[in-house]
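# please find the sequence and the predicted model below.
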Amino acid sequence: MYLEDAQEEHLGKEIEGKVILTKLIDRVAIFKAIGLDANGIITEDLENADFVDLTEKVIETPIMIVNGENFKKLVKANGKKVYLGGKDKSIVIL
């Protein structure tokens, strides 16, 4: 599910069971998305401090950071099913 704006106040029940694709997301929005049972998060940008905080908390929800080219490809695949392999850091569009 592609979200242009993934700020905390814009996240609701519609993300439950979905993988969120957003250009930029902060720590607060990530924790809200996890609390709303998002299946994963793919982003192009996440501040390093936020990434360190997530690593320390041992979050099981896959959070992937991709480059701009791959982000554009994923936006085009919006609505398709996707598999996120958190351990091997893979994204497979089904």
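Received the coordinates, thanks. Numbers count the residues shown, from 1 in each chain.
# CA only for contacts and neighbour counts going forward, please
Will do.
# show me what the one helix or strand N70 maps to is packed against.
Using DSSP states H and E, N70 falls within helix 68-76. Contact here means 3 or more CA pairs under 8 Å, 6 or more residues apart in numbering; DSSP states H and E; on that basis helix 68-76 packs against strand 19-24, strand 40-45.
# the last one to helix 68-76, inter-axis angle?
Inter-element angle recorded for strand 40-45 and helix 68-76: 140 degrees (by axes from the mean of the first three to the mean of the last three CA atoms, to 10 degrees).
# and strand 40-45, what's its mean pLDDT?
Here strand 40-45 scores 90 as its mean pLDDT.
# what's next to the helix holding N70, contact-wise?
Y2, L21, K23, T43, E44 (CA atoms under 8 Å, 6 or more residues apart in numbering).
# equivalent analysis for stretch 21-32, please.
Residues contacting stretch 21-32 (CA under 8 Å, 6+ apart): 1-8, 11, 41-47, 50, 54, 71, 74-75.
# buried among those? Need that as a selection in PyMOL.
The following PyMOL line selects those of those that are buried, judged by 16 or more other CA atoms under 10 Å:
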select buried, resi 1+2+3+6+7+8+11+41+42+43+44+45+46+54+71+74
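# chain center to stretch 11-28, what's the gap?
6 Å (CA atoms, centre = their mean, to the nearest Å).
# alpha carbons of it, as CSV, please.
Taking Å, rounded to 0.1, in the frame of the first residue of the first chain, the C-alpha atoms of stretch 11-28 are listed here in CSV:
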residue,chain,number,x,y,z
LEU,A,11,-2.2,6.2,9.6
GLY,A,12,-5.4,4.3,10.3
LYS,A,13,-7.0,0.8,10.3
GLU,A,14,-6.6,0.6,6.5
ILE,A,15,-3.0,-0.4,6.9
GLU,A,16,-3.8,-3.5,8.9
GLY,A,17,-2.3,-6.6,7.3
LYS,A,18,-0.6,-4.6,4.6
VAL,A,19,3.0,-3.7,3.7
ILE,A,20,3.4,0.1,3.7
LEU,A,21,5.5,1.8,1.0
THR,A,22,6.4,5.4,1.8
LYS,A,23,9.2,7.7,0.8
LEU,A,24,9.9,8.9,4.3
ILE,A,25,8.7,7.7,7.7
ASP,A,26,9.8,8.5,11.2
ARG,A,27,10.1,6.5,14.4
VAL,A,28,6.7,7.5,15.8
